[in-house]
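Participant: Here is my input, please return the structure:
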Amino acid sequence: MARTCPVALFFAILSASSPLAYAQDVPPLPRDSAAGVPAKSDSGDSAAVAPPKADSANSTKLGRVSSLTLVTDEDVDRLRFDQLITGVQRGQSLLLRSASSLRESLSQRERHWGAALISPQFLLITNSRLPFSQNDGALWAGRGSNSRTLFGFVLESRRASLIFAPEVIASDNAYWRLRGDDYYQPPLPDQATGRGYAFHYYYWTFPIDQPLRFGDKPIRRFDLGQSSAVVSMGLVQFGVSNENHWWGPGIRNAIILSNNAPGFRHAFLRTARPVETRAGAVEIRWLVGGLTESRYFDTLSTNNVRSLASIAITLQTRWDPNLTLGAARSVYATATGWGEIPWRWLNVFTRASRDTTDFRPPVQDSNFVGGGRDQLFSLFARWVFPDDGFEAYAEWARAKFPANVHDFLVAPNHSQGYTVGLQWRGPAWHSGSIRLQAEVTQLEQSATFRDGPVGSWYTSRRVIQGYTNRGEVIGASIGPGASTQWAAIDYLKPAWRLGAFAGRIRWNEDVHSTYGFPLYVAYCSHDVSLYPGIRGAMSSGFGWLSADLSLQNRLNVFFQNGGGCPNNGVRLDIRNTTLSVTFSPFQHLK
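Facilitator: Sure thing, here's the model as predicted:
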């Protein structure tokens, strides 16, 4: 009962909220008087969704409070909801975003600096029986109470900005039944046990640095969070950052880059605002950075850093600004240290290493045999139909380029993953709105293993830590070899929303398919989570607050089935309750 008290309080104060959070009749965005296009921020940002700009008279006063919009914040959800009626303004497709690019500038004056404190943001997640953490950035939500506190300040002019937005992480990281003595787990060599927290099946099939638990002690950590420094030079911005990026149209999962893992140190180049072409408005993101191994992967000290080079481009079409197309590619590679990272910019244009066709244990990092590279790429699109209050979106990705046209035509789904989704908004009772959402993400191994070797998404036999940073996948939150289906319904009023959702995740299915479980246990040993829940958000004079409560039933946790099929009661199933509450004082959704 104690765990649901914050939710009860949250619903009790919904009626007291006053500022506008979800507009029913949204006014047009401010427009630049000279160009007749949506107003740009001083930093060149074209996708700003933060509160309105400060008066120039107050923009240089330190102590002013300003908001910082994270990539999956309530502000992003609000703008996307409003676009179902208003359509997509130029530069606001939301397909390439980070905290710094979503930020609206403080200062309106060419030669003066603005300064402000960042409105703090508090995230609290409690898990009753199991870890459950998706798109929580630097916070990994283990069993027990977990919190992330963001704060900081902004210094900004028309040509440069400094965002110092660190995050303080605290997690109980409480004990849970990692594996039972009565369940079989394949043995691991000493150097691959991850201090006792490795998932045993991955080593023998698809290596990845994704521990089941981060040690046996509470976690207390200071993280650079969403900090960045940006310099604007006309149409181009250059910067260094630790912030998370979200690339793609997905609401729940982004295949190439998301905020599922802690941010990583990187440098970037990007367009300061959309570049108008005959085809439409073009935006580009290009970054290079370093990915860090967790303390729970191997015992080698020479492979703790990998490089990541990523590039993405979107086109908001001229003939219909509500249609945006995009493409992205990431190449990650072994490295011997941080000194190599800044020189990997051009990796986005290089070929990945050749496929490894055998399944021998990867007892050595590929760095010891000349280095290795792996890659992911995707094509995506989002199309909004404001006359119908509807949008559809999709992302199609592959881990391997087709060798030639014939290869693509014969097996277009080789090593593929995809996300498809939709949103619909319509009028409802008492001048409210109803919203329906649905999304499907599929990252399970394709059936084309008959035509050639097929790996598993985010794992690698060339870069054996995989597509991770500090032990978490930097792409889709469901992780390697998984699939998910999710749907939600919400009722929305001007200052609040309330709804319900349901989801299903099939975890680590590629391991289940590849490892070779005995037939008598294979067909009922899938690791599956089912989770219905309720959610809501509100804006008031105190700030904004959102909450999600889900009741999860995880069946056959990590393939721990000792009895065969059908289930005879020896299978390990765990029921878990997850409560997530986010609160940002002084920040109002308008």
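Participant: Tell me which residue is most central in the protein.
Facilitator: Ser258 (2.6 Å; CA atoms, centre = their mean).
Participant: now the protein, which segments are flagged as low pLDDT?
Facilitator: 1-63, 104-111, 181, 353-371, 448-453, 587-590 (pLDDT under 70).
Participant: now the helices for it?
Facilitator: Under the criterion DSSP state H, the chain carries helices at the ranges 5-12, 74-86, 99-102, 200-204, 405-410, 509-515, 519-522.
Participant: closest to Gln237 out of these?
Facilitator: With CB to CB, the closest approach to Gln237 among the helices of the chain belongs to helix 99-102: 8.4 Å. C-beta coordinates here come from the backbone N, C-alpha and C atoms, glycine included.
Participant: in that closest one, what's buried?
Facilitator: 99-102 (16 or more other CB atoms under 10 Å).
Participant: name the helices or strands packed onto that helix?
Facilitator: Under the contact definition 3 or more CB pairs under 8 Å, 6 or more residues apart in numbering; DSSP states H and E, helix 99-102 sits against strand 160-164, strand 228-233.
Participant: Please work out which of the helices of the chain is packed deepest.
Facilitator: With neighbours taken as mean count of other CB atoms under 10 Å, those reach their highest mean count in helix 99-102, at a mean of 27.
Participant: and that one, how far from the chain's centre?
Facilitator: Distance of helix 99-102 from the chain centroid (CA atoms, centre = their mean, to the nearest Å) equals 15 Å.
Participant: Check stretch 419-427 too.
Facilitator: With CA atoms, centre = their mean, you get 19 Å for stretch 419-427.
Participant: Tell me the buried residues in that stretch?
Facilitator: 419-425.
Participant: Would you mind measuring from Gly543 to Phe122?
Facilitator: 10 Å (CB to CB, to the nearest Å).
Participant: list residues touching both of the two?
Facilitator: 583-584 (CB atoms under 8 Å, 6 or more residues apart in numbering).
Participant: out of the two, which sits in the more crowded spot?
Facilitator: Counted by other CB atoms under 10 Å, Gly543 and Phe122 do not tie: Gly543 has more neighbours, with 20 against 17.
Participant: thought Ile534 was touching Gly499?
Facilitator: Yes - with contact defined as CB atoms under 8 Å, Ile534 counts as touching Gly499 (7.1 Å).
Participant: Which one's more surrounded, those two?
Facilitator: Shown here are Ile534 and Gly499; by other CB under 10 Å, Gly499 has more neighbours (19 against 15).
Participant: Spit out the contact partners of the closest residue to the more buried one other than its chain neighbours.
Facilitator: In this structure, Gly499 finds its nearest non-sequential neighbour in Asp490, 3.2 Å apart by CB to CB, 6 or more residues apart in numbering. Asp490 makes contacts with 434-435, 437, 497-499, 535, as judged by CB under 8 Å, 6+ apart.
Participant: Let me know the closest of these to Ala138.
Facilitator: Looking across the contacts of Asp490 and measuring by CB to CB, the closest to Ala138 is Arg535, at 22.3 Å.
Participant: Name all residues that make contact with that closest one.
Facilitator: 488, 490, 498-501, 546-549.
Participant: Try it again at 6 Å.
Facilitator: 499, 548 (CB atoms under 6 Å, 6 or more residues apart in numbering).
Participant: tally of neighbours for Gly194?
Facilitator: Quick note: Gly194 (other CB under 10 Å) scores 24 neighbours.
Participant: I figured it hits Pro211, correct?
Facilitator: Yes - counting by CB atoms under 6 Å, Pro211 is a contact partner of Gly194 at 5.2 Å.
Participant: residues shared between the contacts of the two?
Facilitator: Tyr296.
Participant: Beta-bridge partners for the residue nearest to Ala327 when sequence neighbours are not counted, please?
Facilitator: The spatially closest residue to Ala327, leaving aside those adjacent along the chain, is Leu379, at 5.2 Å (CB to CB, 6+ apart). Beta-bridge partners of Leu379, counted by DSSP bridges, are Ala327, Trp396.
Participant: Let's have the helices of the chain in JSON lines, adding distance to Gly234.
Facilitator: Below are the helices of the chain laid out as JSON lines (distance: least, CB to CB, whole Å):
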{"stretch": "helix 5-12", "distance to Gly234": "46"}
{"stretch": "helix 74-86", "distance to Gly234": "27"}
{"stretch": "helix 99-102", "distance to Gly234": "16"}
{"stretch": "helix 200-204", "distance to Gly234": "47"}
{"stretch": "helix 405-410", "distance to Gly234": "39"}
{"stretch": "helix 509-515", "distance to Gly234": "46"}
{"stretch": "helix 519-522", "distance to Gly234": "59"}
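Participant: Figure out which of these is closest to Val581.
Facilitator: Per CB to CB, nearest to Val581 of these: helix 5-12, 5.4 Å.
Participant: just checking, Asp75 touches Ser67?
Facilitator: No - in this structure, Asp75 is not within contact of Ser67 by CB under 6 Å, at 7.7 Å.
Participant: Strands along the stretch 51-200 of the chain, start to end?
Facilitator: 65-66, 96-98, 114-118, 121-127, 144-150, 153-156, 160-164, 167-171 (DSSP state E, counting those that start in this stretch).
Participant: The third one versus strand 144-150: what angle between them?
Facilitator: For strand 114-118 against strand 144-150, the angle by axes from the mean of the first three to the mean of the last three CA atoms, to 10 degrees is 170 degrees.
Participant: Strand 114-118 pairs with which strands?
Facilitator: strand 65-66 (parallel), strand 153-156 (antiparallel).
Participant: and stretch 245-263, how far apart are its ends?
Facilitator: 8 Å (CA to CA, to the nearest Å).
Participant: again with stretch 124-137
Facilitator: Stretch 124-137: ends 13 Å apart by CA to CA.
Participant: Other residues contacting it?
Facilitator: 3, 72, 140-143, 145-147, 176, 244, 259-260, 477, 574, 576-581.
Participant: Would you show me how to pick out the buried ones of those residues in ChimeraX?
Facilitator: To isolate the buried members of these in ChimeraX, using 16+ other CB under 10 Å:
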select :72,140,141,142,143,145,146,147,176,244,259,260,477,574,576,577,578,579,580,581
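Participant: in stretch 442-461, what counts as buried?
Facilitator: 442-446, 448, 454-461.
Participant: Closest to Trp396 out of the residues you listed?
Facilitator: Gln442 (10.2 Å).
Participant: The closest one pairs with what?
Facilitator: Going by DSSP bridges, Gln442 forms beta bridges with Tyr418, Ser483.
Participant: surely it meets Tyr418?
Facilitator: Yes - applying CB under 6 Å as the test, Gln442 and Tyr418 come out as touching, 5.5 Å apart.
Participant: Of the helices of the chain, give the one that comes closest to Val348.
Facilitator: Of all the helices of the chain, helix 99-102 comes closest under CB to CB, at 18.9 Å.
Participant: Burial check on Leu346, number of neighbours?
Facilitator: Leu346 has 10 nearby residues by other CB under 10 Å.
Participant: Now do it against Gly239, distance only.
Facilitator: 19 Å.
Participant: Count the neighbours of His430 for me.
Facilitator: 6.
Participant: cool, the one 5 residues further on as well?
Facilitator: Here the neighbour count serves as a burial measure; for Arg435 (other CB under 10 Å) it reads 21.
Participant: quick one: Ile311 and Leu287, what's the gap?
Facilitator: Distance from Ile311 to Leu287, by CB to CB: 8 Å.
Participant: higher neighbour count, those two?
Facilitator: Taking neighbours as other CB under 10 Å, Ile311 and Leu287 compare with Leu287 leading, 24 against 21.
Participant: quick one, what contacts that one?
Facilitator: Counted by CB under 6 Å, 6+ apart, Leu287 has contacts 266, 268, 310.
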